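**Student:** prediction below, plus the sequence it came from.
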Amino acid sequence: MFDLMKEEQEVIDAPGAGPLAVRKGTIEFNNVSFGYMPERLVLKNITFTVPPGQTIALVGPSGSGKSTVIRLLFRFYDVESGSILVDGINIKTVTQESLRRSIGVVPQDTVLFNNTIKYNIQYGRISATDADVYQAARGADIHDRVLTFPDGYDTQVGERGLRLSGGEKQRVAIARTLLKAPQIILLDEATSALDTQTERNIQDSLNKMCANHTTIIVAHRLSTIIHADEILVLKDGEIIERGRHEHLIGQEGMYADMWKRQLENRDAPPPSLENSLRTDS
Ligand SMILES: Nc1ncnc2c1ncn2[C@@H]1O[C@H](COP(=O)(O)OP(=O)(O)OP(=O)(O)O)[C@@H](O)[C@H]1O
C-alpha cells in the first residue's frame with residue numbers, strides 16, 4: 001500500500017509555482033492515465049469528482065491501482081495524460097509543499113517517533129497547545145487510554161518505549177489529522193484485523209474526523225464504506241463499476257461478489273471456536 005514517507009522525489013515544482021489555497025476541497029480527476037513505466041499504464045482514463053465534504057471509496061483487487069490514485073493526488077508523480085484539479089486548480093501548477101499541507105493522511109501503519117505520546121500527537125500541528133492535543137486525543141478516542149500509561153502524556157512510545165497496538169497507532173494518526181485540520185483527508189484502511197469493539201471505536205472516530213472533509217478512502221472492509229457518497233471499483237487500472245453501495249449490490253457485478261465473500265467470511269465461525277467444538281465432541 002502507499003507509504004508516503006518512503007516515496008522518492010520524482011517531480012519538481014513548475015517555475016513560478018504559487019501556493020495552493022484550498023477553500024472548499026473539491027477533487028477532480030479528468031481522464032487521468034498513468035504508468036510507472038511508459039510501456040505499461042496502471043491507470044487508464046480515470047475520471048471522478050469528489051465534491052466538498054463528500055467521501056469517495058476506492059476498492060478493487062490488489063494491484064488494481066488504488067494507491068496509485070492517492071500517490072498522484074499527492075503528486076509523487078505527474079500524470080501521463082489528463083489532469084488532477086483541487087478547487088479547480090491543476091495541481092501541476094502549485095507548490096508540492098502547499099498541496100501536501102492541505103491534505104491529511106491516515107496511513108495503514110503509523111510511524112511513531114521515539115518520543116512522548118504527546119509529541120507524537122502534536123506532530124500534526126507543532127504549534128498546538130496542550131489543550132488542543134488533549135481535545136484531538138479525545139476526538140480520536142485515545143485520551144482515556146493515554147491517561148492509563150505510566151507517565152500519561154509524557155510516556156515514551158515507539159521502538160524504545162511503550163509499544164502501541166495497531167488500533168492505538170491508528171488513533172494517534174487520527175488525532176494528528178484532527179490537529180492538522182486539513183480540508184482533504186486520505187485514508188488508507190488497515191488490512192490487519194482488529195477486534196470488533198476496537199474496529200467500531202475506530203470507525204466512530206474516523207466518521208467524526210471525515211465529516212465535512214473531502215475524503216478518499218482506500219477500503220478493504222466494505223462494511224466501512226456503506227455510507228460513502230460514491231464507490232469506485234477498480235480493476236487493472238480502470239473503473240469497472242461505480243455508485244453507492246445499494247446500487248452496486250443491485251448490479252450483481254464484482255462489488256456484489258466482494259460483498260458476498262466478505263459476509264461469508266464474517267459469518268464463518270472463528271477457527272478457534274471450530275477447534276474447540278471439535279475437541280469437545
Ligand atoms: N513504484 C512502482 N514502480 C513500478 N510499478 C509499480 C510501482 N508501484 C506500483 N506499481 C504497479 O502499479 C500497479 C498498481 O499498484 P497500486 O499500488 O496502485 O495497487 P493497489 O490497488 O493499491 O494494490 P494493493 O491493494 O495491493 O495495495 C501494480 O501492478 C503495481 O505492481
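**Tutor:** Cool, the structure landed. Fair warning: this is a prediction, and the values are worked out from it, not measured in the lab.

**Student:** mind exporting stretch 185-203 as PDB, just the C-alpha atoms?
**Tutor:** These are the backbone C-alpha positions of stretch 185-203, laid out as PDB (Å, rounded to 0.1, in the frame of the first residue of the first chain):
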ATOM      1  CA  ILE A 185      -8.300  13.600   4.100                       C
ATOM      2  CA  LEU A 186      -6.800  10.400   2.500                       C
ATOM      3  CA  LEU A 187      -7.400   7.300   4.500                       C
ATOM      4  CA  ASP A 188      -5.700   4.000   3.900                       C
ATOM      5  CA  GLU A 189      -7.700   1.500   5.700                       C
ATOM      6  CA  ALA A 190      -5.700  -1.100   7.700                       C
ATOM      7  CA  THR A 191      -5.900  -4.600   6.300                       C
ATOM      8  CA  SER A 192      -4.900  -6.100   9.600                       C
ATOM      9  CA  ALA A 193      -7.800  -7.500  11.600                       C
ATOM     10  CA  LEU A 194      -8.900  -5.500  14.700                       C
ATOM     11  CA  ASP A 195     -11.300  -6.900  17.200                       C
ATOM     12  CA  THR A 196     -14.900  -5.900  16.700                       C
ATOM     13  CA  GLN A 197     -15.100  -3.400  19.500                       C
ATOM     14  CA  THR A 198     -11.800  -1.700  18.600                       C
ATOM     15  CA  GLU A 199     -12.900  -1.500  15.000                       C
ATOM     16  CA  ARG A 200     -16.200   0.000  16.000                       C
ATOM     17  CA  ASN A 201     -14.500   2.700  18.100                       C
ATOM     18  CA  ILE A 202     -12.000   3.500  15.400                       C
ATOM     19  CA  GLN A 203     -14.800   3.700  12.900                       C
END
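
**Student:** please list the outside residues in contact with it.
**Tutor:** Stretch 185-203 has contacts (Cβ atoms under 8 Å, 6 or more residues apart in numbering) with 1-2, 67, 70, 73-74, 103-109, 141, 166-167, 170-171, 174, 177, 206, 209-210, 213-221, 224. (Each C-beta comes from the backbone N, C-alpha and C, glycine too.)

**Student:** does residue 154 really touch residue 116, like I thought?
**Tutor:** Yes - the criterion here is Cβ atoms under 8 Å, and residue 154 meets it with residue 116 at 5.1 Å.

**Student:** more neighbours: the two, which one.
**Tutor:** Shown here are residue 154 and residue 116; by other Cβ atoms under 10 Å, residue 116 has more neighbours (21 against 12).

**Student:** and that one, bridged to which residues?
**Tutor:** residue 156 (DSSP bridges).

**Student:** for the strand or helix carrying residue 71, packing partners?
**Tutor:** Using DSSP states H and E, residue 71 falls within helix 66-73. Using 3 or more Cβ pairs under 8 Å, 6 or more residues apart in numbering; DSSP states H and E, the elements in contact with helix 66-73 are strand 27-34, strand 43-50, strand 55-59, strand 184-188, strand 214-218.

**Student:** what residues of the helix or strand containing residue 248 count as buried?
**Tutor:** Per DSSP H and E, residue 248 falls inside helix 245-251. By 16 or more other Cβ atoms under 10 Å, the buried positions in helix 245-251 come out as 245, 248, 249.

**Student:** and of the residues you listed, the nearest to the ligand?
**Tutor:** residue 248 (17.6 Å; Cβ to the nearest ligand atom).

**Student:** looking at it, that closest one is touching residue 257, isn't it?
**Tutor:** No - Residue 248 is beyond contact range of residue 257, at 10.3 Å (criterion: Cβ under 8 Å).

**Student:** which stretches of the protein form helices?
**Tutor:** Applying DSSP state H to the chain gives helices spanning 66-73, 96-101, 117-122, 130-139, 143-147, 166-180, 196-210, 245-251, 254-267, 271-280.
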